[in-house]
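Engineer: here is my input, please return the structure:
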Amino acid sequence: MKLETVLFFLLALCSSCSRSFPVRASLDRSAWFASLSNGTPKIYEGDRLSLIFATDLPHPELEKKKSGKVTGCKTQCNRTQTLLLSNIPLRSGLYRITQSGLDSLQGTSVYCSYATEGVAQVITRTYNQGNGWLQIIQYDSTTNQLKGKFDIRFKANDGSSRAVHFRHGKLNLLVNKKPLS
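Structural biologist: The predicted structure follows:
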């Protein structure tokens, strides 16, 4: 078999596996997928939502190679990356991504952050978004199904030039309508 055929097959296989996750994207030209962090909070606040996603996919800052199978954190895992999407409106529309502040308090934009974690789940680097957007394609209040897409560029907040780019991001999940307690 030619190398190109094998690579195409592996890419197609990986792509189809990632479709079962509530969030997936291309992160710096690699497939990226994650699950809700420890099954936690799809936090519902009135008509707003905050989501915390975790994955055990390797990343360049990981101190040593991970051993074991990558699961996308569908069950307990050694988390290596966390993505937070906050202040998401539960209605169709295109929303700009901004840093936390007055815009997010007034409900006009979505706030995001991203962190990479080391072997002992110690945060190795945090990122604040530079720019981007989130589009809610559909929210069905009867079934609580939320579908959306996003594109976000993050910059490291440690003053380095390190940046990451989530492209072709997709959300597909059920929302638990529970107020914060």
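
Engineer: report pLDDT for Leu134.
Structural biologist: Listed pLDDT for Leu134 reads 94.

Engineer: next structured bit after the helix or strand where Leu134 lies?
Structural biologist: For Leu134, the element it lies in under DSSP states H and E is strand 123-140. Sequence-wise, the next helix or strand downstream of strand 123-140 (DSSP H and E) is strand 145-156.

Engineer: which regions of the chain lie under the pLDDT threshold?
Structural biologist: 1-19, 38-45, 60-68, 99-108, 119-121, 129, 177-181 (pLDDT under 70).

Engineer: picking up where we left off before, pull the strand holding Leu134 out as CSV, backbone CA atoms only.
Structural biologist: Extracted in CSV, the C-alpha atoms of strand 123-140 (Å, rounded to 0.1, in the frame of the first residue of the first chain):
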residue,chain,number,x,y,z
ILE,A,123,-0.9,24.1,33.8
THR,A,124,2.1,24.7,31.6
ARG,A,125,0.7,27.7,29.7
THR,A,126,-2.5,29.7,29.5
TYR,A,127,-3.9,31.5,26.5
ASN,A,128,-6.2,34.4,26.2
GLN,A,129,-8.0,34.9,22.9
GLY,A,130,-6.8,37.5,20.4
ASN,A,131,-9.8,37.4,18.2
GLY,A,132,-12.5,35.1,16.8
TRP,A,133,-16.2,34.3,16.6
LEU,A,134,-18.7,31.7,17.7
GLN,A,135,-21.9,31.1,15.8
ILE,A,136,-24.9,29.3,17.3
ILE,A,137,-26.4,27.6,14.3
GLN,A,138,-29.3,26.0,16.3
TYR,A,139,-30.6,25.8,19.8
ASP,A,140,-33.7,23.7,20.2
